[in-house]
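**Student:** One predicted model, sequence on top.
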Amino acid sequence: MNMDSTAAKIRTVAAILLGTALYAFGLLYFIIPNKFTEGGVTGITVLLNYGLGIPTALSTLVLNVPLVILGWRILGLGQIVYTAVGIASLSLFLWLFQVLFDRGILVQHAHDPILAALYAGIVLGLGLGIVFRFGGTTGGSDIIARILNRKKGWSMGRVILAIDVMIIGLSLFFIAEEKVLYTLVAVFIASKVIDFVQEGAYAARAFMIISNEAEPIADRIMAEMDRGVTLIPAFGAYSKHAKHIAYCVISRQEIRQLQLIVKSVDPRAFIIVNDVHDVQGEGFRE
């Protein structure tokens, strides 16, 4: 087996273990002591814990095993293997942290609800973001969404959102409305943290500069900013003239400098700016 491939798989599994450990800790330290809930299958495990006292580690494993088997049969082993790793490790860490809480090694107590919702969102989002970034999941609604996307063509995002809304709505029968509202705050913060972790801290901007002076603009960007520029052949539909589009990706701190360069060369240049959430390559993250 290729050593690089083996090392990459080890890093992936290690990252999923770290992410699920953070997620399990956030669930047991912030969500459950404060009587919040969660979306998806995790939300069901939390409600089972509140209503019947069933340990979250056990219900997480029991509810997800049939989904993993179903996903394996429909999606194939390649798309489900890291999900299985995520589910198994999440159950393991939920059990381990619960043992530590039960023995008093870690203290589990209620917090100020606003701070609890804030930190729950950060910790859960950080954990899930790491898991998702390395190709894993914690099972549940993600498996269902993938299957429905494969079979029905439904949007995965909409399926997951529908399941989350349904579970959180169901939780109104088991916990106070105020707690559900705090849960929504935690879920919102978690979604933002997940996006940040997945997209990376290397968020940048992509500039498309349409100008008759595209080549001089590109020369100055390369000389003064040490950034690469791609010249894309184009044809003006109105002017009927051939021209170039200068395409360049820069960091957020360089936006103003690039704009000044473009305007100094061609004040009439047409500039399109797009968000770039993850950049890999020379001058950015390798």
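**Tutor:** Structure's in. What do you need?
**Student:** For the rest of this, base every contact and every neighbour count on C-alpha atoms.
**Tutor:** Noted.
**Student:** can you point me to the longest strand in the protein?
**Tutor:** strand 242-251 (DSSP state E).
**Student:** how distant is it from the center of its chain?
**Tutor:** Chain-centre distance of strand 242-251: 29 Å, with C-alpha atoms, centre = their mean, to the nearest Å.
**Student:** now swap in stretch 19-39 and tell me
**Tutor:** Centre to centre, stretch against its chain (C-alpha atoms, centre = their mean), the figure for stretch 19-39 is 17 Å.
**Student:** do the same with stretch 124-133
**Tutor:** The answer for stretch 124-133 is 6 Å, by C-alpha atoms, centre = their mean.
**Student:** CA atoms only for stretch 95-115 - export them in PDB, please.
**Tutor:** Extracted C-alpha coordinates of stretch 95-115, given in PDB (Å, rounded to 0.1, in the frame of the first residue of the first chain):
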ATOM      1  CA  TRP A  95     -19.700   6.700  26.800                       C
ATOM      2  CA  LEU A  96     -16.200   7.800  27.900                       C
ATOM      3  CA  PHE A  97     -17.200  11.400  28.900                       C
ATOM      4  CA  GLN A  98     -20.300  10.100  30.700                       C
ATOM      5  CA  VAL A  99     -18.100   7.800  32.800                       C
ATOM      6  CA  LEU A 100     -15.900  10.800  33.600                       C
ATOM      7  CA  PHE A 101     -18.900  12.900  34.600                       C
ATOM      8  CA  ASP A 102     -20.400  10.000  36.700                       C
ATOM      9  CA  ARG A 103     -17.200   9.500  38.600                       C
ATOM     10  CA  GLY A 104     -16.800  13.200  39.300                       C
ATOM     11  CA  ILE A 105     -13.600  13.500  37.300                       C
ATOM     12  CA  LEU A 106     -15.400  16.100  35.100                       C
ATOM     13  CA  VAL A 107     -18.200  18.200  36.600                       C
ATOM     14  CA  GLN A 108     -21.500  18.400  34.700                       C
ATOM     15  CA  HIS A 109     -23.700  21.300  35.700                       C
ATOM     16  CA  ALA A 110     -26.100  23.900  34.200                       C
ATOM     17  CA  HIS A 111     -24.700  27.200  33.000                       C
ATOM     18  CA  ASP A 112     -26.100  30.600  32.200                       C
ATOM     19  CA  PRO A 113     -28.400  29.600  29.300                       C
ATOM     20  CA  ILE A 114     -27.100  32.300  26.900                       C
ATOM     21  CA  LEU A 115     -23.500  31.400  27.500                       C
END
